[in-house]
Structures are given as C-alpha cells and as structure tokens.
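just the structure for this:
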Amino acid sequence: MTLQCLDGCPNGQSCHQVLVQALRSLGLPETVTLQSVATVEDADTLGFRDSRTVLVDGTDPFADSSGKAAALELLKAS
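Residues are numbered from 1 along each chain as shown. Below you'll find the predicted structure:
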C-alpha cells in the first residue's frame, strides 16, 4: 500500500498512522509507503490525482475518470 501526499502536506503523517492502525486492526500487513509528490513532473510520472491518495497494489481504488484533480493545479500554482 502506498500513501501519496503533496510535499509538506500537514496531514500526511497522521493519515499514514491511521492507515497503519486500520491494517493492524484487520490483521493485515502494516506496510504503508509514504510517497511525497513535490513537482508537476512527479505528479505526472506517478499518476498522482489528489493529496493523500491511497494506492493498493499501485491502483487508486477510489479514482474516477474525470481528469486531473485539484491537487495537481495546486502544484502548478506553486
């Protein structure tokens, strides 16, 4: 499992902890990789859609096909 966050996201670590606790409570492996997204190029390469995106086996189970998310626009504006 991978947790993608905008670089410097103030909620990244707490979200990571919640995911680990949820996995632990289900008796599943507690491995969650925290992946920081700092640039538009990173976002494009990683397929990043929104800050605090959870990937399961490399796939966002909550993704839709509506296009790029607002988080990518935030990266472009900075």
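
residues in contact with Phe62?
By C-beta atoms under 8 Å, 6 or more residues apart in numbering, Phe62 lies in contact with Val54. All C-beta atoms are positioned from the backbone trio N, CA, C, and that covers glycine.

helix, strand or coil for it?
When the structure is split into helix, strand and coil by DSSP: H, G, I helix; E, B strand; the rest coil, Phe62 lands in coil.

that one and Val32, how far apart?
According to C-beta to C-beta, to the nearest Å, Phe62 and Val32 sit 16 Å apart.

in stretch 28-43, what's buried?
Of the residues in stretch 28-43, those with enough neighbours to count as buried (16 or more other C-beta atoms under 10 Å) are Val32, Val37, Asp42, Ala43.

so which strand or helix has the residue located most distally from the centre of the chain?
Ranked by distance from the centre of the chain (C-alpha atoms, centre = their mean), the top residue is Gly27, with 22.1 Å. Per DSSP states H and E, Gly27 falls between elements, in no helix or strand.

per-residue pLDDT, it?
Confidence per residue is given as pLDDT, and for Gly27 that number is 96.

now do the one 3 residues further on
What the model reports for Glu30 is a pLDDT of 90.

ok, it touching Val20?
Yes. Between Glu30 and Val20 there is a contact at 4.9 Å, judged by C-beta atoms under 8 Å.

what ranges do the strands span in this structure?
Along the chain, the segments classed as strands by DSSP state E run 2-6, 33-37, 53-55.

closest to Cys15 out of these?
With C-beta to C-beta as the criterion, Cys15 lies closest to strand 2-6 of the strands of the chain, at 6.2 Å.

now the longest helix belonging to the chain - C-alpha only, PDB.
In terms of residue count, the longest helix belonging to the chain (DSSP state H) is helix 12-25. Listed in PDB are the C-alpha atoms of helix 12-25, where the atom choice follows Å, rounded to 0.1, in the frame of the first residue of the first chain:
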ATOM      1  CA  GLY A  12       0.400  13.100   5.600                       C
ATOM      2  CA  GLN A  13       1.900  11.600   8.700                       C
ATOM      3  CA  SER A  14      -1.400  11.400  10.600                       C
ATOM      4  CA  CYS A  15      -3.100   9.800   7.600                       C
ATOM      5  CA  HIS A  16      -0.200   7.300   7.400                       C
ATOM      6  CA  GLN A  17      -0.700   6.400  11.100                       C
ATOM      7  CA  VAL A  18      -4.500   5.900  10.600                       C
ATOM      8  CA  LEU A  19      -3.800   3.500   7.600                       C
ATOM      9  CA  VAL A  20      -1.300   1.500   9.700                       C
ATOM     10  CA  GLN A  21      -3.800   1.200  12.600                       C
ATOM     11  CA  ALA A  22      -6.600   0.200  10.200                       C
ATOM     12  CA  LEU A  23      -4.400  -2.500   8.600                       C
ATOM     13  CA  ARG A  24      -3.300  -3.700  12.100                       C
ATOM     14  CA  SER A  25      -6.900  -3.900  13.300                       C
END
